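**Student:** Got a predicted structure plus its sequence, pasted below:
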2 protein chains.
Amino acid sequence: MRDFTFFNPTRIEFGKHKESHIGQYLKSSASTADLILYGSERVKKNGLFDRVAASLQEQGITFADVGGVISNPLISRVRDAVKIAKEKGLQAVVAVGGGSVLDSAKAVAAGAKYDSDVWDFFVGKAVVEEVLPVFSIMTLAATGSEMNMAGVVTNDETRQKYPIVSPLLFPKVSVINPELMASVPRDYLAYSAVDIFSHCLDLYFTAGYLPEFSAELIESILKTVMRTTDALLKNSDDYDARGEFAWAATMALNGNTFAGVEGNTYDTHMIEHAMSALYNVPHGAGLAVVLPAWMKDIKNQMPERFERFADKVFGVSGGDASIAKMTEWFSAIGAPVTFAQAGLAADAVDPIAENAFGNAKLWQMDTLYPQQRIADILKLAVK
Amino acid sequence: MRDFTFFNPTRIEFGKHKESHIGQYLKSSASTADLILYGSERVKKNGLFDRVAASLQEQGITFADVGGVISNPLISRVRDAVKIAKEKGLQAVVAVGGGSVLDSAKAVAAGAKYDSDVWDFFVGKAVVEEVLPVFSIMTLAATGSEMNMAGVVTNDETRQKYPIVSPLLFPKVSVINPELMASVPRDYLAYSAVDIFSHCLDLYFTAGYLPEFSAELIESILKTVMRTTDALLKNSDDYDARGEFAWAATMALNGNTFAGVEGNTYDTHMIEHAMSALYNVPHGAGLAVVLPAWMKDIKNQMPERFERFADKVFGVSGGDASIAKMTEWFSAIGAPVTFAQAGLAADAVDPIAENAFGNAKLWQMDTLYPQQRIADILKLAVK
């Protein structure tokens, strides 16, 4: 076991109708005027926005609202929201949506308390020192953002998809109501499953030391994701499956899998963020392309761990068989596993590799991942 | 998945030498004069107390210290410490020891901010509204107290072993340094293993609804405990085993196993607390006697879950075989599994059942556990 700090102060309110209590949760932070951030207008049409608004009004909390946050969220929209939050002196940010909305909300929360441009936090020009408290009501489970301290946003001018990270950015309260996720489209359910896989496997296959307990926790999350995704594709109203899927997403990136682990990195995320930044590929779709290719590249470096993965998760033997099984499952649930299936041309390899190498430099992984190696990995996914 | 709230703000500092930073951890709570609570004088002889004291002094923090907290800690000693904390206006409590010391520290933290007798919190006469911040440096892993909001203390006059519970009682920071646990005697290692088993199995075998993910997490904790206990009995200096054991103890009772679970209760604890209260049996030793007997009593109520337990944890089939295997393992590691082995006479059954029925009433479990049923369970352990 390696030394670690575990700290996660987010309160999770899991279950039916919990979003209707958001006003009370906010009240405990003594805010009187808040920003509601959301994505598509669907939340206004399906009544969710109104329920949230009513709960705030019940507690005497006024609010402004900003919508239009998109998948692979943009810093331009974050800047719009920061401006409104500053002008109106808002005191908290409530994200109503999926990971993109919440990641944007975290950026808004930091930007609203900062005198210069919020992008500074993403490129290491400034450190987050003060934030508005963040709350979330999740309508999609995938990123784990509801219980961690990071957010990822794309700069639409520089085509950089970068993270903002600070312990101040743990949401105060996150609502996970599986019923709000019942209308997630099938393709986004698949992308979400792959995102969770990637959060787990980036750790599993890069850790220099992986405690048995962490390995078992990850294997359990992966099996939960496969079991519940299959169940949801058969019956999208399966509440228990939806709930277990959502909790698996949270557990995959809330710190528990990292306890005692040494030396893990986010290799597939480093590569995929370039795909999303350049070609606006949905994050989970890009990961479905990158993850099998990356695993083929590294499988001979840790044959024992691949053997374990093959046995415990897929009941097969060997790295090749496990990668084949995983890829087959990604395809079966409707995730793209090649450049072509993701709508990418073969000549996108070099631009993606170049952009990803920028991430590698920022994340201090450029020695391990020269641009050529990234291109070679991507080529394994061009079929 | 049933509705739940997950909230656990304790920061865990895990690893070597972390206790030497306790002064900095305290400083973040802005305290200038603290109470150090400890158990046996061993911590003064082996240098741990001095390291803690030096770390406080480095940060300009003065302190008073109270020792002598015993296994099955007493409210009389808590009252002594509360008196000192009030007289000196101390601002934080630092527990240096195992679960008994930390549980006492939690009671002291609540008592120091309360005008009347601290026992009121245990019997439901008062609700905790304000506390001193609690910090801990663990020298034994078992109770999970380092990352939860409860403490258990015995009233030496009334022979009641009761809990104090409040979300205010989560420790601010808990230090888990496996090296500090290397000198735990073999019998207490065994008792600790059984305590963790009991935290897991009270949940596993009482939950009306147990999500697959929770079941797997519990099975993983149990297997970790068996593997690492066996390793530590061979080599008490096995750092990784000690660390994994400690983290399994924390994970068994920090809320993760409870997510989405319905209707779990603490049946073996309800019964065992009576043994400790009346006959000062070490908690884990008492549980080793109670747990197999209780499982025999309930095994026909949930044959499927026993079948699963048998298969996943012991690789056998059926409730009887799993109970036999578990009991065998308890014996092998040196835990008592009968009244006689625990130093209890057969005629202790009725007094224990009567005392435990008091717990049942306090915990609103008296309909399910009439005194006669508790006596019948206990008789299964009289051999």
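**Tutor:** Nice, I can see it.
**Student:** and the helix ranked longest in chain A with helix B:212-234, angle?
**Tutor:** If you go by DSSP state H, chain A has its longest helix at helix A:212-234. For helix A:212-234 against helix B:212-234, the angle between stretch directions is 170 degrees (axes from the mean of the first three to the mean of the last three C-alpha atoms, to 10 degrees).
**Student:** Would you mark the buried spots in stretch A:340-357?
**Tutor:** Of all the residues in stretch A:340-357, those buried under the rule 16 or more other C-beta atoms under 10 Å in any protein chain shown are A:341, A:342, A:344, A:348, A:349, A:352, A:353, A:355, A:356, A:357. For the C-beta atoms, the positions are set from N, CA and C on the backbone; glycine is no exception.
**Student:** Which of the three states applies to the second one?
**Tutor:** Of the three states, residue A:342 takes coil according to DSSP: H, G, I helix; E, B strand; the rest coil.
**Student:** Quick check: closest non-adjacent residue to it.
**Tutor:** Counting by C-beta to C-beta, 6 or more residues apart in numbering or on different chains, residue A:342 lies nearest to residue A:336, which is 4.1 Å off, once chain neighbours are set aside.
**Student:** For the residue in the stretch 51-200 of chain A positioned nearest to chain B, give me its contacts.
**Tutor:** Nearest residue of the stretch 51-200 of chain A to chain B: residue A:178, at 6.8 Å (C-beta to the nearest C-beta). Contact analysis of residue A:178 by C-beta atoms under 8 Å, 6 or more residues apart in numbering or on different chains lists A:16, A:239, A:242, A:243, A:245, A:246, B:1.
**Student:** Quick check: the residue of the stretch 201-350 of chain A nearest chain B.
**Tutor:** Closest point on the stretch 201-350 of chain A to chain B, by C-beta to the nearest C-beta, is residue A:243, at 3.2 Å.
**Student:** Who's the closest spatial neighbour of that residue, skipping the chain neighbours?
**Tutor:** That would be residue B:1: by C-beta to C-beta, 6+ apart, it lies 3.2 Å from residue A:243.
**Student:** For that neighbour, the count of nearby residues, please.
**Tutor:** For residue B:1, the count of nearby residues is 25 (other C-beta atoms under 10 Å in any protein chain shown).
**Student:** Was I right to think it contacts residue A:245?
**Tutor:** No: taking C-beta atoms under 8 Å as the definition, residue B:1 is not a contact partner of residue A:245, at 9.8 Å.
**Student:** where does the stretch 101-250 of chain A have low pLDDT?
**Tutor:** The model of the stretch 101-250 of chain A has no residue with pLDDT under 70.
**Student:** At which residues are the strands of it located?
**Tutor:** Along the stretch 101-250 of chain A, the segments classed as strands by DSSP state E, counting those that start in this stretch run A:134-138, A:150-155, A:160-165, A:173-176.
**Student:** Check which helices and strands the third one sits against.
**Tutor:** If I follow you right, that is strand A:160-165. Under the contact criterion of 3 or more C-beta pairs under 8 Å, 6 or more residues apart in numbering or on different chains; DSSP states H and E, strand A:160-165 touches helix A:99-111, strand A:150-155, helix A:267-279, helix A:349-362.
**Student:** How about the contacts made by the spatially most central residue of chain A?
**Tutor:** For chain A, the residue nearest the mean C-alpha position is residue A:143 (2.3 Å; C-alpha atoms, centre = their mean). Each residue near residue A:143 by C-beta under 8 Å, 6+ apart is listed here: A:98, A:99, A:102, A:103, A:152, A:195, A:249, A:253, A:283.
**Student:** Tell me, how many residues neighbour the second one?
**Tutor:** Residues lying near residue A:99 (other C-beta under 10 Å) number 26.
**Student:** where does the nearest residue to it once chain neighbours are set aside fall, phi/psi-wise?
**Tutor:** The shortest distance from residue A:99 to any non-neighbouring residue, by C-beta to C-beta, 6+ apart, is to residue A:143 (3.0 Å). Phi and psi for residue A:143, reported as degrees, to the nearest 10, are phi -80, psi -20.
**Student:** cool, residue A:76 as well?
**Tutor:** According to degrees, to the nearest 10, residue A:76 has phi -60, psi -40.
**Student:** which non-adjacent residue is nearest it?
**Tutor:** Here the residue nearest residue A:76, using C-beta to C-beta, 6+ apart, is residue A:156, at 5.3 Å.
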